[in-house]
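**Student:** following is a predicted model, sequence given first.
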Amino acid sequence: MSGGLVALLDDVAAIARIAAASIDDIGAAAGKAGVKALGVVVDDTAVTPRYVTGFSPDRELPIIWRIARGSLRNKVVFILPAALLLSQFLPWAITPILMLGGAYLCFEGAEKLYEALSGHHESAESSEAKLSSAAHEQQMVSGAIRTDFILSAEIMAISLAEVADQGFGSRALILIVVAVMITVLVYGVVGLIVKMDDLGLRLARSGTGIARAFGRGLVRGMPVVMGALSVIGTAAMLWVGGHILIAGLETFGIAGPAHVLHDAAVATSRAVGFAPGLVQWLVDTLGSGLLGLIVGGIIVAVLHALPRRGAATQH
């Protein structure tokens, strides 16, 4: 009897060790997949703060929380099942779907530039009135979640490619871990960024001289940081969208744009003579962003500029 119990306990211990090893493997694979998607994570972090710019401080964290919930829902409820099923049964369909998403990012980034350069924006008074309205908040949250959907799809696709050799169940678990981990990382950082001015205000009212000076610096500097992040977010849409399109074309055998960009990056790094990795990354980023601007500009012209010109001609 005791021997059977000991054997049973040995079996339970062995199963526990296997389970622990499996958890470790899943965690390691999730970490590796997340690192591969880090570039898109940075873009996601840069894009989001512009959606809370101008809102009252008491609404910033609730808005970020709503966007974070929408982001996690995008990844787990919509993208994850679709990615797993497509990778299992229709792997060829993933690339064109991602390219459509990339084109949308190019359009959104180019549209922001078009609105800024053409002056198609509302008066300050109407903007302030809308910024305090629940309807405008819902509009901004919905826009952020739509943009996040494209970036999340790219993150999950990159992660899926890193764990393609795993079984179906392991792939699902790893991608769930990646989805939660990246969502917490991105929106935790975004929350810290948008509340830094509040922290600066508290420090500026504190008792110590160094803390007050640091707090005043934060209060003065955060509007500049938020403005810079808005610009970076728009540029990130063009860069990521263009990169998705270039990678997709290469997958379909149209490798010319990727080769031209790679050769230009290598030639530039050799000409500069230092920090070759950084120089190649910068050239690749600028090239992808330029393609994104061209594609997005064409879509903006079709959807905005040409209809307005037609209406003006009719009048």
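**Tutor:** Alright, I've got the coordinates.
**Student:** dump the residue contacts of Gly70.
**Tutor:** Each residue near Gly70 by C-beta atoms under 8 Å, 6 or more residues apart in numbering is listed here: Val141, Ala144, Ile145, Asp148. Heads up, the C-betas are built off the backbone N, CA and C, glycines and all.
**Student:** out of those, which sit inside helices?
**Tutor:** Judged by DSSP state H, the subset of these located in helices is Val141, Ala144, Ile145, Asp148.
**Student:** show me where this structure has helices.
**Tutor:** Going by DSSP H, the chain shows helices at 2-36, 38-47, 57-73, 80-89, 94-118, 124-131, 134-162, 168-194, 196-204, 209-251, 256-272, 276-300, 306-314.
**Student:** low-confidence ranges in this protein?
**Tutor:** Within the chain, the ranges that satisfy pLDDT under 70 run 1-47, 50, 53-54, 119-132, 207, 305-315.
**Student:** now the contacts of Gly70 in CSV, with distance to Leu218 and neighbour count?
**Tutor:** Listed next are the contacts of Gly70 as CSV, based on distance: C-beta to C-beta, whole Å; neighbours: other C-beta atoms under 10 Å:
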residue, distance to Leu218, neighbour count
Val141, 26, 20
Ala144, 24, 23
Ile145, 29, 19
Asp148, 27, 26
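**Student:** with distance to Ser133 added, can I get these in CSV?
**Tutor:** Converted to CSV, the contacts of Gly70 look like this (distance: C-beta to C-beta, whole Å):
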residue, distance to Ser133
Val141, 13
Ala144, 17
Ile145, 18
Asp148, 22
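**Student:** now, among the ones in helices among the contacts of Gly70, which is nearest to Ala82?
**Tutor:** Closest approach to Ala82 among these (C-beta to C-beta): Asp148, at 15.6 Å.
**Student:** check contacts around the residue lying closest to that closest one once chain neighbours are set aside.
**Tutor:** Using C-beta to C-beta, 6 or more residues apart in numbering and skipping residues adjacent in sequence, the residue nearest Asp148 is Ser71, 4.6 Å away. By C-beta under 8 Å, 6+ apart, the contact set of Ser71 is Ile145, Asp148, Ser152, Thr183, Val186, Tyr187.
**Student:** farthest-apart pair in those residues, please.
**Tutor:** Ile145 and Val186 (12.9 Å).
**Student:** so which of the helices of the chain is the most packed in?
**Tutor:** Counting by mean count of other C-beta atoms under 10 Å, helix 38-47 has the highest mean neighbour count of the helices of the chain, with a mean of 22.
**Student:** so the residue nearest to Asp148 versus Ser152, what's the distance?
**Tutor:** Going from Ser71 to Ser152 by C-beta to C-beta, to the nearest Å gives 6 Å.
**Student:** and Gly253, backbone torsions?
**Tutor:** Gly253 adopts backbone torsions of phi 90, psi 0, taken as degrees, to the nearest 10.
**Student:** okay, it and Lys195: tell me how far apart.
**Tutor:** For Gly253, the distance to Lys195 - C-beta to C-beta - is 48 Å.
**Student:** of those two, who's got more company?
**Tutor:** Lys195 (15 against 7; other C-beta atoms under 10 Å).
**Student:** was I right to think that one contacts Leu61?
**Tutor:** Yes - Lys195 is within contact range of Leu61, at 6.9 Å (criterion: C-beta atoms under 8 Å).
**Student:** and stretch 240-258, how far from the chain's centre?
**Tutor:** Remark: stretch 240-258 is offset 19 Å from the chain centroid, using C-alpha atoms, centre = their mean, to the nearest Å.
**Student:** C-alpha coordinates for that stretch, CSV please?
**Tutor:** This file holds the C-alpha atoms of stretch 240-258, laid out as CSV (Å, rounded to 0.1, in the frame of the first residue of the first chain):
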residue,chain,number,x,y,z
VAL,A,240,5.0,50.7,-39.8
GLY,A,241,2.5,50.8,-42.7
GLY,A,242,5.2,51.2,-45.3
HIS,A,243,7.3,48.4,-43.7
ILE,A,244,4.3,46.0,-43.7
LEU,A,245,3.8,46.7,-47.4
ILE,A,246,7.4,46.2,-48.3
ALA,A,247,7.6,42.9,-46.3
GLY,A,248,4.3,41.8,-47.9
LEU,A,249,5.5,42.5,-51.5
GLU,A,250,8.7,40.6,-50.7
THR,A,251,6.6,37.6,-49.5
PHE,A,252,4.8,37.6,-52.9
GLY,A,253,8.1,37.7,-54.8
ILE,A,254,8.2,41.4,-55.5
ALA,A,255,11.5,41.9,-53.7
GLY,A,256,12.7,45.1,-55.6
PRO,A,257,11.7,47.7,-52.9
ALA,A,258,13.1,45.6,-50.1
